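No sequence on hand, only this structure:
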């Protein structure tokens, strides 16, 4: 079970890091567009569509990464006061009731949207460039599938916590500076 959870988290972290490069591409393309538009007075026809696709890809593929890192927003005012076993029970039930139905819908309908887009070789109507968008729409069911797999790992993590009363360690990745400073302060004190 621990090997499966670790493998799934490693995959989610790897995908998140890979798609994190979309930020660099997005930043460079926006900077390029601003330069050519306002300095050279020669705007591009492709920049808007490309920026939308880069942002969308980043948004979709960051979901499994954030779930693997326990980085999604949670209103845990009361939750954090519960013992670990109760936290795990609550998470387990909420995953079954809300998370999986939503992710199955994302996967199922995302697949239908992507399949139709591929069938028609869909292009963007938002700009004169009319770039292909069926590649981008393929990311919808891919993200849904990755979220389902990561959700299964989260269910197993909850199961383990319900049995042992301890949360399993997550695959470590970058942390907020504030969290690092708090951890260093706790270790020093």
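On my side now, so go ahead. What you see is a predicted model, and the numbers here were worked out from it, not measured in a lab.

Now do the buried residues in the helix or strand harbouring residue 137.
Taking DSSP states H and E as the criterion, residue 137 maps to helix 134-164. Going by neighbour count (16 or more other Cβ atoms under 10 Å), the buried part of helix 134-164 is 134, 136-151, 153-158, 160-162. For the C-beta atoms, the positions are set from N, CA and C on the backbone; glycine is no exception.

Which strands and helices lie in contact with the helix or strand harbouring residue 109?
Using DSSP H and E, residue 109 falls within helix 100-120. Packing partners of helix 100-120 (3 or more Cβ pairs under 8 Å, 6 or more residues apart in numbering; DSSP states H and E): helix 134-164.

What pLDDT is listed against the residue most central in space within the chain?
By Cα atoms, centre = their mean, the chain has its centre lying nearest to residue 63, at 1.6 Å. At residue 63, the model reports a pLDDT of 93.

ok, it to residue 98 distance?
Per Cβ to Cβ, to the nearest Å, residue 63 is found 15 Å from residue 98.

Phi first, then psi, for residue 132.
When quoted as degrees, to the nearest 10, the phi and psi of residue 132 stand at phi -70, psi 140.

Quickly list what it is bridged to.
residue 123 (DSSP bridges).

wait, it sits on residue 122?
Yes. Residue 132 lies in contact with residue 122 (Cβ atoms under 8 Å); the separation is 7.2 Å.

Can you pull out the low-pLDDT segments for this protein?
174-176, 179-180, 186-189 (pLDDT under 70).

Show me what the top helix by length along the chain packs onto, helices and strands only.
When the chain is scanned for its longest helix (criterion: DSSP state H), the result is helix 2-38. With contacts taken as 3+ Cβ pairs under 8 Å, 6+ apart, helix 2-38 sits against helix 47-68, helix 134-164.
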